[in-house]
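S.K.: Have a look at this fold, sequence not included:
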Ligand SMILES: [Zn+2]
């Protein structure tokens, strides 16, 4: 777990470095305030987490993940929190930490961020929960 986190951190730092290099090479941008803050996509530091729908059964380490409370095994909302943890939210609202999944898994499996929600409840409503 610790090794995996540090690899993710390394990948993140490497991506950040590449981005800064790219930015430095495009030195003709009007100023470092470009684009204006309200047009910038929030970074991982700006939000408390990411969420996505996961409708098919969720297979973790070869086994279908079921809610320990109600037994649901599909129609999840999956959260990736700022601390790197992954949480599952079943359709009946039970929430559980899934320690076998992490930010790297989330990033591999999620599409581009298309919407930001001011609150968790707003996000859950948007995702149909
Ligand atoms: Zn449940």
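M.R.: Great, that's in hand. Worth saying up front: this structure is predicted, and the values here are computed from it rather than measured. Residues are numbered from 1 along each chain as shown.
S.K.: The nearest residue to residue 94 once chain neighbours are set aside: neighbouring residues, count only.
M.R.: Leaving aside its chain neighbours, residue 94 sits nearest to residue 69 (4.4 Å; criterion: CB to CB, 6 or more residues apart in numbering). Backbone N, C-alpha and C define where each C-beta goes, glycine included. By other CB atoms under 10 Å, the residues close to residue 69 number 12.
S.K.: cool, and the one 10 residues further on?
M.R.: Burial of residue 79 is recorded as 22 neighbouring residues (other CB under 10 Å).
S.K.: which strands and helices sit next to the host helix or strand of it?
M.R.: According to DSSP states H and E, residue 79 maps onto strand 76-81. Judged by 3 or more CB pairs under 8 Å, 6 or more residues apart in numbering; DSSP states H and E, strand 76-81 is in contact with strand 49-54, strand 85-89, helix 103-109.
S.K.: Looking at those, spot the one closest to residue 97.
M.R.: strand 85-89 (5.5 Å; CB to CB).
S.K.: Off-centre distance for that closest one?
M.R.: Remark: strand 85-89 is offset 10 Å from the chain centroid, using CA atoms, centre = their mean, to the nearest Å.
S.K.: now do stretch 8-21
M.R.: So, by CA atoms, centre = their mean, the centroid of stretch 8-21 is 17 Å from its chain's centroid.
S.K.: List the neighbours of that stretch that are in contact with it.
M.R.: 44, 84, 102-104 (CB atoms under 8 Å, 6 or more residues apart in numbering).
S.K.: you'd agree residue 14 is in a helix?
M.R.: Yes. Counting by DSSP: H, G, I helix; E, B strand; the rest coil, residue 14 is found in a helix.
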